[in-house]
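Student: Here is my input; please provide its structure:
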Amino acid sequence: MKVMLDTGATQSFITKTALTKTKHLPLNNNQQHYLMADGYTTFKVVCLVKIFIDINQIKTNIVVGVVDSLCTDCILGMNFMNKYKVNINNKNKQIEIYTSNNKTTISMDDKIKDIITPCHLLNNTCIYPYQENTIKITLRLAKGELLFSPAHQFIHKENLITPRSFISIVNHIAWITVYNPTSRIRYLKSNTIIGTASFISSTNYIATIFDSRTIEKIDENQA
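Tutor: Down below sits the predicted model:
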């Protein structure tokens, strides 16, 4: 099972497909909704469940939200990292996981799946000086959670700022934010290539997937 650690996620999540491969307690049919980092797209959790994950010699467990799809099989958020005092050593490319009487170290996997899709601007757009707009982009993929990377030419030709971010694709549509730091109005034509979107590898140290502003939060009672 491919697992991703995310310091920007307050909770942990698993796909329905990956759940069938785990040991877990009975499902708690308590639906939740989250806001993605774009501030617009909602992220639906269909139920909650406690799963058990063996990491080397350490046995761990955590309550996760079950979802239809993710950019990987399972995302372990801050509830897992705080519980097991996870230390991400980016310099040595290692992740340390602790329990009350044990410790294990695993290596980071820096490989990215070689699936990249272009992101096109859906509609004609103008961005006024010193303003930030949230704009629609369209992709070939119909659904999924991917990593957006802005096109070099778009940033330097248009003198606009748009960060790398995680996007949620629904019916080929996603949202990104673009900032105009100049004193001139910037006009963007529909179908302009804004950047690319790619899948995430098995274990990565990354920041924000889920916005801290959630509509509802998963129950923290996971003794």
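
Student: Apart from its chain neighbours, what residue comes closest to residue 131?
Tutor: residue 180 (5.8 Å; C-beta to C-beta, 6 or more residues apart in numbering). (Glycine included, C-beta is placed from N, CA and C.)

Student: Just the element for residue 18, please.
Tutor: According to DSSP states H and E, residue 18 maps onto helix 16-19.

Student: burial measure for the residue nearest to residue 131, as a count.
Tutor: 20 (other C-beta atoms under 10 Å).

Student: what's the spacing between it and residue 145?
Tutor: Summarising the geometry, the distance separating residue 180 from residue 145, computed by C-beta to C-beta, to the nearest Å, is 27 Å.

Student: just residue 176 next, same as before
Tutor: 14 Å.

Student: Need the overlap of contacts for the two.
Tutor: Taking C-beta atoms under 8 Å, 6 or more residues apart in numbering as the criterion, residue 176 and residue 145 both touch residue 167.

Student: about what we covered before: identify the residues contacting the residue nearest to residue 131.
Tutor: Residue 180 touches 127, 128, 129, 130, 131, 132, 133, 159, 160, 161, 186, counting by C-beta under 8 Å, 6+ apart.

Student: roughly how far apart are it and residue 134?
Tutor: Relative to residue 134, residue 180 is positioned 13 Å away (C-beta to C-beta).

Student: Also residue 47?
Tutor: Distance, residue 47 to residue 134, by C-beta to C-beta: 30 Å.

Student: Contacts only, for residue 104.
Tutor: Applying C-beta under 8 Å, 6+ apart, the residues contacting residue 104 are 55, 56, 57, 58, 96, 97.

Student: So it: helix, strand or coil?
Tutor: strand (DSSP: H, G, I helix; E, B strand; the rest coil).

Student: Show me what it bridges to in the sheet.
Tutor: Beta-bridge partners for residue 104, by DSSP bridges, are residue 97.

Student: Distance-wise, check it relative to residue 139.
Tutor: Separation of residue 104 from residue 139 (C-beta to C-beta): 38 Å.
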